[in-house]
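Trainee: sequence-free structure coming up:
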């Protein structure tokens, strides 16, 4: 039985996506390298963690049209060496431009990873392309938007529209924090996020500087070097840094936070009064 079954090519504006369903281990390096051309690739399947075998898991990267070294290297690492991914499907994006600017590819890769990460267990740890974004200048947002478009197509056709619940731990603590904020119905302060991360499980910020590390991740690393729209936004209230989903208006997010913290403060006063009585 052929370990790969190739579907009909998916033709998108400015790109073609080749998708293969994987039926068994791709063990012959020399043979299968030749079948993996493309500019971007997505290796998709499920987690090998016994406690989360149904969790949708993937890895995205850049390769080159006529050589598939990185695609194969990623497959060998995540599927064979580390065995963190039970591979089900391979998606290969070939751009119509035969020789795209490497900076364009880096911004596209970053956008795909960021767009998929809230709902997919992405094994990638890099979610920004600061140097490439700077090099592309005013054109960077255009490529970031196209990367979001590619992510939507890959989610639908390579992942079959499947996703994990938003409130599941991510591969990294920063991405878990982003999920916590995206799932919130109001702005959250640093303590809120740390508390909800602890309840979520998975990677955690630890040590005396956990709050500072969280603020750095969400106010600097989350936005630095990315040309597309933010996933989360930040503001301040009474000296506190607040984080809220980018799709939520700031006034609404802050108003809900203030109402929630007022109720919490009132409850604490009532509890203290009861204890004193």
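Mentor: It's in. It should be emphasised that the depicted structure is a prediction, and the values quoted were computed from it without experimental measurement.
Trainee: beta-bridge partners for residue 233, please?
Mentor: residue 244 (DSSP bridges).
Trainee: which residues touch it?
Mentor: Residue 233 makes contact with 243-246, 250, according to Cβ atoms under 8 Å, 6 or more residues apart in numbering. (Glycine included, C-beta is placed from N, CA and C.)
Trainee: what's the end-to-end length of stretch 155-173?
Mentor: For stretch 155-173, the first-to-last residue distance is 23 Å (Cα to Cα, to the nearest Å).
Trainee: contacts for it next, please.
Mentor: Taking Cβ under 8 Å, 6+ apart as the rule, stretch 155-173 contacts 10, 17, 19, 42, 44, 52, 55-56, 58, 89-91, 115-125, 176, 178-180, 182-183, 197, 200-205, 217.
Trainee: list the buried residues of that stretch.
Mentor: Neighbour counts over stretch 155-173 (16 or more other Cβ atoms under 10 Å) mark 155, 157-159, 164, 168-173 as buried.
Trainee: now intersect those with the helices, please.
Mentor: 155, 157, 173 (DSSP state H).
Trainee: distance of the residue nearest to residue 254 when sequence neighbours are not counted from residue 233?
Mentor: Nearest residue to residue 254, sequence neighbours excluded (Cβ to Cβ, 6 or more residues apart in numbering): residue 187, at 5.4 Å. Computed as Cβ to Cβ, to the nearest Å, the residue 187 to residue 233 distance reads 9 Å.
Trainee: before we move on, back to that, in JSON lines, list the ones in helices among the buried residues of stretch 155-173 along with distance to residue 135 and pLDDT.
Mentor: As requested, these are exported to JSON lines (distance: Cβ to Cβ, whole Å; pLDDT from 0 to 100):
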{"residue": "155", "distance to residue 135": "28", "pLDDT": "97"}
{"residue": "157", "distance to residue 135": "30", "pLDDT": "97"}
{"residue": "173", "distance to residue 135": "29", "pLDDT": "93"}
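Trainee: return the member of the residues you listed nearest to residue 221.
Mentor: residue 173 (11.5 Å; Cβ to Cβ).
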